[in-house]
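S.K.: Structure of the sequence below:
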Amino acid sequence: MIWSLAREQLRSQRRYIAWAAVVVALAVGVATYGALLGATLSSSSTEMARALGTDADTLSYGAGVENADFDYPSASTQDIAAAVAKAQDEGTRVAAHAFTWQLQLEPGYDDGPHTTPVAVIGDIDWDAILLEGAPPATGEVALSADYAQRLGLDIGDEVPLYGGPVDEEPIGMTARVSALTRSSFDSAGLALTGYSDVWLAWDDLPAYSAALTPIDETGVGAYPDVSLYWNGPSAILADVFGPGAPALDNFDKGVNDTVVWVYLATAVLVIGAIAMAFAFGRAQAQSRTQWVATARALGVSRRHVVLATFAEAGVLALLGLVGGYATGWIAATVHLRIVHRDVVGAAIAPVASGPVLVLVGAALLATLLALVVAAVPAFWATRVSPTAALKPENDVTNAQVGRTVKFWPVLAAWAATGVLAMLSADPTEIDGAPLYGVLLWWIFVGVSLVVANEALRWMIPALGGWLSRRPEKSALVAGDSLRARPRQFTVPALLMALGSAALLFASVNALLTNTANNASPDYEIQSGEYYGYVWQTWIFPAAVIVLGSLAVLSTIITAATSAVTARERSTREALGITPGQTRASAAIAQAVALLSGILVGALIGTLLVYVGSKFADLDALGLDQARSIAITTSARAIAIIVGVGAVCTALSAAVTALTSRTPNLAPRVAEAGRVA
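M.R.: You can find the predicted model right below:
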């Protein structure tokens, strides 16, 4: 009985289930994408540390030269090699890395920490480092595949050596390329810089030091900096540079700049999915209640309906998990392929992989969202008795939630908390204000959400009334839709408003705070330019991710709830409205709702910026400069957010027009009758 009921319930609500599965899959896909990228990068970092021996528990360092004329631990490279060999004979896992800072293969080349030539000995896994060739012997160097391609070199080529970075003169020495190695990379938001671009032979270090000394400007001679890594106690290695220090976390873990956007997009999709469920709840209740009432009239108990809803959630979770995990894996693999396209021999797997925990986390997220998305409409449906649900009109579709509190006191409280927060602001405090000022600030932020929602509840019907007076039929129909169903359009509009306000506040407030914190008589002008550049690098992708995700959710909400208004559209078309005008009206209504949300969000965000700026020490910049930075950056942020939002709105409106159709409403037997 339960499975039969669940099957027919899925069939009757297939449009809703399909769209809901898309939302769940999107959320799971984005989360899986980020988790797989992070897991793949972490695995590559761990493998790199193992190959280089930098995952040891003890680290010591010093100069690779004897009797250096400065207070610094030192030992000749020959003595270091001998100590490493003895420690290995005793069974100690050890690795020595010697960095020659003044040696380079081309004058003026400095593209990051991995460009410093390094010589390594000890327990080094060359098989994991090399792509082809052999480790460098005397008179040889190994190059990363990416660096070799940039220089146009291959195995067997001779390359001249230069001294720098001061004079960058040839030192009269050349080396033969013996191998190509894996490449460190910093591409597409991922970075791993543990592998060097140039690998030297350890036995050549004294000759390089002698050749570099004549052009050295430090006065103490050129020498390599040596790091010793080992596990367990070793008196032999402790005698080289001292006993060392614990080094349990000394290797490069890699950098994943995309993680912020992944978390942001996942949070937006999760919140949007929950909002979508509540938006669907009332819209789906009309069709669900009639279906549930038919089943109840045929003898199905409330418990069976609840269990069938859980079965529906299970199907939804399975669809979301399979679709989302597959989408996330494909996206992560494409991302890794981009890294390999940009960096030859990048030291990361070209195919995404992760532990079982990633799959478990994706399953938990899919289950949570599926339960929410399936349970909310079912809750509304079960609140109606079978008798009421079988009437032509039922109490769910006609129910209105009246406001028991007038709004003007809330608006007054919102304005008062904003003013009091500004008056209590004190940039000399750690949080920019005393505790009561911080509390006032957060109250102001929280009530801003209520104000934004109320503004949209007034704005959308008002715009609908204006459109209803237009002579164009599509505008007239769109206006009637906005006036008749303000709740249906307020939810996506509010989502866009919250996204826009959060983006605007985060970008401008971060710029103002960082600029103020770095202000000084010698740095005032540069600080604004520098932080302006950093700000621009993340505001655009953040706007695309946040507003794009919200636009997708808004489109899905509109498409999934359009079945509720199918009879209304059919009636209009019977009265002379063409299908093309119906589609145009749906696009106009969608565009008006989303653009309203973006504009309200920009206004609320600007007010948040204004109040929040009082918590930053802008006086350090001077009043005129602070005002200029605040105004120009706010204007630029609003332009970017509104521009990206307008593009997302246009795409959402276009998809809404394409998916808006009038289905066949001919009478048919209720599908729930099959349960009997």
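S.K.: any idea where the strands of the stretch 1-150 of the chain begin and end?
M.R.: For the stretch 1-150 of the chain, the strands defined by DSSP state E, counting those that start in this stretch occupy 58-63, 94-99, 103-104, 118-122, 130-133, 140-144.
S.K.: any idea which of those strands is most buried?
M.R.: With neighbours defined as mean count of other Cβ atoms under 10 Å, those peak in mean count at strand 140-144, which reaches a mean of 26. No exception for glycine: its C-beta is placed from N, CA and C like everyone else's.
S.K.: So which bits of stretch 436-450 are buried?
M.R.: Burial within stretch 436-450, assessed by neighbour count using 16 or more other Cβ atoms under 10 Å, is assigned to 437-438, 440-441, 443-445, 447-448.
S.K.: Looking at these, which are in helices?
M.R.: Judged by DSSP state H, these include 437-438, 440-441, 443-445, 447-448 as members of helices.
S.K.: about what we covered before: of the strands of the stretch 1-150 of the chain, which is nearest Ala362?
M.R.: Taking Cβ to Cβ, strand 130-133 is the member of these nearest to Ala362, at 33.4 Å.
S.K.: what sits up against the closest one?
M.R.: Strand 130-133 is contacted from outside by 142, 145, 155, 177-182, 345, using Cβ atoms under 8 Å, 6 or more residues apart in numbering.
S.K.: swap the cut-off to 6 Å and go again
M.R.: 145, 155, 178-181, 345 (Cβ atoms under 6 Å, 6 or more residues apart in numbering).
S.K.: Might you quantify the distance of stretch 327-342 from its chain's geometric centre?
M.R.: The chain centre lies 15 Å from the centre of stretch 327-342; the measure is Cα atoms, centre = their mean, to the nearest Å.
S.K.: as a whole number, average confidence for that stretch?
M.R.: For stretch 327-342, mean pLDDT rounds to 93.
S.K.: repeat for stretch 415-426
M.R.: 89.
S.K.: List the buried residues in it.
M.R.: Across stretch 415-426, burial judged by 16+ other Cβ under 10 Å covers 417-418, 420-422, 424-425.
S.K.: can you give me the strands in the stretch 401-550 of the chain?
M.R.: Under DSSP E, counting those that start in this stretch, the stretch 401-550 of the chain gives no strands.
S.K.: ranges for the helices of the stretch 351-500 of the chain?
M.R.: In the stretch 351-500 of the chain, the helices defined using DSSP state H, counting those that start in this stretch lie at 356-382, 386-389, 395-398, 407-424, 435-468, 473-484, 486-517.
S.K.: Next, the angle helix 407-424 makes with the longest one.
M.R.: Pointing back at helix 435-468 there. Calculated by axes from the mean of the first three to the mean of the last three Cα atoms, to 10 degrees, helix 435-468 forms an angle of 140 degrees with helix 407-424.
S.K.: Can you name every helix or strand that helix 435-468 contacts?
M.R.: In terms of contact count using 3 or more Cβ pairs under 6 Å, 6 or more residues apart in numbering; DSSP states H and E, helix 435-468 is assigned the packing partners helix 407-424, helix 473-484, helix 486-517, helix 579-613.
S.K.: so which of the contacts of strand 130-133 comes closest to Ala506?
M.R.: Distance to Ala506 across those (Cβ to Cβ) is lowest for Gly345, with 37.3 Å.
S.K.: Isn't the closest one up against Ser183?
M.R.: Yes - using Cβ atoms under 6 Å, Gly345 is in contact with Ser183, at 4.5 Å.
S.K.: So between the two, which is more surrounded?
M.R.: Each of Gly345 and Ser183 has its neighbours counted (other Cβ atoms under 10 Å); Ser183 has more, 25 against 20.
S.K.: weakest of the strands of the stretch 1-150 of the chain by average pLDDT?
M.R.: The minimum mean pLDDT among these belongs to strand 103-104 (a mean of 84).
S.K.: Could you spell out the sheet neighbours of that strand, each with its direction?
M.R.: Strand 103-104 sits in its sheet next to strand 158-163 (antiparallel), going by DSSP bridges.
S.K.: What residues of the partner strand count as buried?
M.R.: Going by neighbour count (16+ other Cβ under 10 Å), the buried part of strand 158-163 is 159, 161-163.
S.K.: Contacts for that strand next, please.
M.R.: By Cβ under 6 Å, 6+ apart, the list of residues contacting strand 158-163 reads 102, 104-105, 107, 168-171, 173-176, 212, 215.
S.K.: Apply 7 Å and report the result again.
M.R.: With Cβ atoms under 7 Å, 6 or more residues apart in numbering as the contact definition, strand 158-163 has outside contacts at 102-107, 141, 153, 168-171, 173-177, 212, 215.
S.K.: Equivalent analysis for stretch 540-556, please.
M.R.: With Cβ under 7 Å, 6+ apart as the criterion, stretch 540-556 contacts 19, 22-23, 26, 261, 264-265, 268-269, 272, 276, 492, 495-496, 499, 503, 594, 640-641, 644-645, 648-649, 651-652, 655-656.
S.K.: ditto for stretch 336-354
M.R.: Contacts for stretch 336-354 (Cβ under 7 Å, 6+ apart): 35-37, 39-41, 43-44, 48, 131, 144-146, 149, 180, 182-185, 187-188, 190, 192, 195, 329, 332-333.
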